[in-house]
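**Q** No letters, just coordinates:
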């Protein structure tokens, strides 16, 4: 029974890692596509870099969380002191990366929220057009 649980847990960890790789691949391809589309279609060469970065950053934060989960699954099966130390180092690095990435994303969203121009409501815009 123990071997079955170990095999299932390691298989699950591989699937979670594969999911993280898929998230990274899709989000990177989407960011590249959005960048190229903006460059090709916008002749003023103003590319919405912040939006592309925020979207990619959110996806990378998710991928880091998935990778950490996979590492925990792998270590939970048959931990040695070496495995636990390696997991601790990986967890600290990934958590630090995720913390700083999340902080940058939050700062960027707050900055964009405070500097974005106010958009008039449709009713006041319609009144202005009618006048």
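**A** Here it is on my side, so go on. Being a predicted model, the structure only gives us computed values, none of them experimental.
**Q** and the helix or strand where residue 61 lies, which residues are buried?
**A** Using DSSP states H and E, residue 61 sits in helix 49-77. Residues of helix 49-77 classed as buried by neighbour count (16 or more other C-beta atoms under 10 Å): 52, 54-57, 59-71, 73-75. Heads up, the C-betas are built off the backbone N, CA and C, glycines and all.
**Q** Would you confirm that residue 84 contacts residue 75?
**A** Yes: at 6.6 Å, residue 84 counts as touching residue 75 under the criterion of C-beta atoms under 8 Å.
**Q** What segments of the protein are helices?
**A** Along the chain, counting by DSSP state H, helices occupy 2-41, 49-77, 81-115, 122-130.
**Q** where does this protein have low pLDDT?
**A** Scanning the chain with the threshold set as pLDDT under 70 gives 43-47, 78, 114-131.
**Q** which residue is nearest the middle of it?
**A** residue 59 (2.1 Å; C-alpha atoms, centre = their mean).
**Q** so what's the closest residue in space to that residue that isn't next to it in sequence up against?
**A** Excluding the flanking residues, the one nearest residue 59 by C-beta to C-beta, 6 or more residues apart in numbering is residue 27, at 3.3 Å. Contact analysis of residue 27 by C-beta atoms under 8 Å, 6 or more residues apart in numbering lists 55, 56, 59, 60, 63.
**Q** Check residue 55 too.
**A** 27, 30, 31, 34.
**Q** Would you reformat these as TSV and include distance to residue 101?
**A** Formatted as TSV, the entries for the contacts of residue 55 read as follows, by distance: C-beta to C-beta, whole Å:
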residue	distance to residue 101
27	13
30	17
31	14
34	19
